[in-house]
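Trainee: Let's see this in three dimensions:
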Amino acid sequence: MSASQASTPLAPIVDRIYGTQPTTRLFHYATLANVKNIITGKALWASDIRYMSDASELGSTAKLIQGVSANLVHAGLVHDTEVLHQFAVWVGDRLTNGHALFAACFSERGNLLSQWRGYCPTGNGYSLGFEPKALAEAAEYQGFSLVKCIYDRDEQVKLLREVVIAVVAYTRAFGEAGASERHPDNRFYPAFEALEFDLLKVAAALKHGAFFEEQEWRVVSNVVTRTDLPEIGYRPGASMLIPYVEFRLPTATNGKLQLPQVFVGPTPHPNLAINSMTNFLSSQVEDTREVWSADIPYRTW
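Mentor: Numbering: from 1, shown residues only. Presented below is the predicted three-dimensional model:
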């Protein structure tokens with residue numbers, strides 16, 4: 001299934017970004033309480049990307065697009081300043097306040113100190129490892145797309161230059177359909193709205209370079225245009241309700257979860273934690289179960 005929901009000039013860019021597939025196991029970090037629910041429920045909660053702990057990424061992407069637009073004008077590569085000005089205003093609002101995307105996060109690194117610090121501050125973190133092919137198939141079946149985050153700023157700028165140039169060309173070709181109902185300051189918005197789904201998918205793949213060591217992959221939903229759909233749930237966050245949708249994890253033909261590897265994070269009782277997790281998995285998980293200790297000298301107890 002294509003990562004793009006419609007055929008637009010941005011669709012080839014989206015398909016290129018989402019076309020890379022993982023070749024190693026991908027890991028999801030969680031606290032013990034969440035891990036038990038994930039394993040028994042065979043699902044993750046994919047959160048609205050705007051509500052993630054690093055949700056400023058979408059706002060940063062909007063600012064980066066605005067900077068790229070200004071540089072294109074300065075370099076004389078794009079001359080349609082009216083379109084660019086309206087696009088800069090529109091994108092600043094829509095990436096943070098528009099349609100929703102839902103995502104769940106994985107890492108190529110299943111035993112990473114920075115992740116343990118974030119997910120097991122009291123010695124109760126776990127890292128669940130999934131086979132890449134099975135995860136990709138589960139994502140495709142549910143209308144999600146698997147994407148590797150892009151951290152390199154030069155690569156991001158190059159990508160967004162391509163996006164901005166395509167937006168300008170499409171806007172002029174699109175004409176001013178619907179413009180009679182629009183204020184002159186937003187008469188190009190109908191063209192931008194036609195590209196919004198693909199633009200959001202591009203933005204979902206960009207992440208600040210400070211997080212590079214995580215080597216993150218995301219399963220990203222198709223764009224949700226309304227937030228009152230029955231399948232959207234709301235979980236309590238630190239200061240607000242977090243919208244989420246369920247992402248069902250890979251299962252075998254007998255219905256058991258496919259979970260070939262688990263890391264037990266730094267804990268005061270690693271042997272006991274490994275034994276109880278191994279016994280718990282015996283009735284929940286299909287085939288081989290590798291339960292390893294993180295074996296990292298990080299102590300919070």
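Trainee: Residue 82: what's it in contact with?
Mentor: residue 188 (CB atoms under 8 Å, 6 or more residues apart in numbering). Where you see a C-beta, it was placed from the backbone N, CA and C, and this is true even at glycine.
Trainee: After the helix or strand hosting it, which helix or strand is next?
Mentor: Here residue 82, judged by DSSP states H and E, is contained in helix 81-97. Next along the chain after helix 81-97, taking DSSP H and E as the criterion, comes strand 102-107.
Trainee: Please name the residues that touch the residue lying closest to residue 79 once chain neighbours are set aside.
Mentor: Leaving aside its sequence neighbours, residue 79 sits nearest to residue 73 (CB to CB, 6 or more residues apart in numbering; 7.4 Å). The contact partners of residue 73, by CB under 8 Å, 6+ apart, come to 79, 81, 84.
Trainee: So how do I select the buried members of these in PyMOL?
Mentor: Applied in PyMOL, the following selects the buried portion of the contacts of residue 73 according to 16 or more other CB atoms under 10 Å:
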select buried, resi 84
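Trainee: Can you lay out the contacts of residue 73 as TSV showing pLDDT and distance to residue 109?
Mentor: TSV is the format used below for these (pLDDT from 0 to 100; distance: CB to CB, whole Å):
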residue	pLDDT	distance to residue 109
79	83	45
81	90	44
84	92	39
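Trainee: now, which of the contacts of residue 73 sits nearest residue 28?
Mentor: residue 84 (39.5 Å; CB to CB).
Trainee: ok, the closest one touching residue 78?
Mentor: Yes - under the criterion of CB atoms under 8 Å, residue 84 makes contact with residue 78 at 6.5 Å.
Trainee: where do the contact lists of the two overlap?
Mentor: 69, 72, 164, 168.
Trainee: and the second one, helix, strand or coil?
Mentor: Pointing back at residue 72 there. Following DSSP: H, G, I helix; E, B strand; the rest coil, residue 72 is assigned to helix.
Trainee: Which residue, other than its chain neighbours, is closest to it?
Mentor: Closest residue to residue 72 apart from its sequence neighbours, by CB to CB, 6+ apart: residue 78 at 4.2 Å.
Trainee: just how off-centre is stretch 145-153 within its chain?
Mentor: In terms of CA atoms, centre = their mean, to the nearest Å, the centre of stretch 145-153 is set 9 Å apart from its chain centre.
Trainee: got the buried residues for stretch 268-284?
Mentor: Buried residues in stretch 268-284, counted by 16+ other CB under 10 Å: 270, 273, 274, 277, 280, 281.
Trainee: Next: stretch 254-265.
Mentor: Counting neighbours by 16+ other CB under 10 Å, stretch 254-265 gives 257, 258, 259, 260, 261, 262, 263, 264, 265 as buried.
Trainee: From the buried residues of stretch 268-284, which land in helices?
Mentor: Applying DSSP state H to these, the entries found in helices are 270, 273, 274, 277, 280, 281.
Trainee: in the protein, which spans are helices?
Mentor: 11-17, 32-41, 56-74, 81-97, 113-119, 132-141, 153-174, 189-204, 270-281.
Trainee: Figure out which of those is closest to residue 243.
Mentor: Closest of those to residue 243 is helix 81-97, at 13.6 Å (criterion: CB to CB).
Trainee: Run the angle between that closest one and helix 189-204 for me.
Mentor: 50 degrees (axes from the mean of the first three to the mean of the last three CA atoms, to 10 degrees).
Trainee: how about a markdown table for the helices of the chain, with distance to residue 147 added?
Mentor: Formatted as a markdown table, these follow (distance: least, CB to CB, whole Å):
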| stretch | distance to residue 147 |
| --- | --- |
| helix 11-17 | 6 |
| helix 32-41 | 21 |
| helix 56-74 | 13 |
| helix 81-97 | 16 |
| helix 113-119 | 19 |
| helix 132-141 | 10 |
| helix 153-174 | 13 |
| helix 189-204 | 7 |
| helix 270-281 | 29 |
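Trainee: so which of these is the most packed in?
Mentor: A comparison of these by mean neighbour count, using mean count of other CB atoms under 10 Å, puts helix 189-204 on top with a mean of 22.
Trainee: could you point out where the stretch 51-200 of the chain is predicted with low confidence?
Mentor: Applying pLDDT under 70 to the stretch 51-200 of the chain flags the ranges 53-56, 176-181.
Trainee: 90 - rerun?
Mentor: Residues of the stretch 51-200 of the chain meeting the criterion pLDDT under 90: 51-62, 73-80, 92-100, 117-124, 172-187.
Trainee: circling back: of the buried residues of stretch 268-284, closest to residue 247?
Mentor: Distance to residue 247, by CB to CB, is smallest for residue 281 among the buried residues of stretch 268-284, at 20.1 Å.
Trainee: Next one: residue 270 relative to residue 293, how far apart?
Mentor: Using CB to CB, to the nearest Å, residue 270 is found at 5 Å from residue 293.
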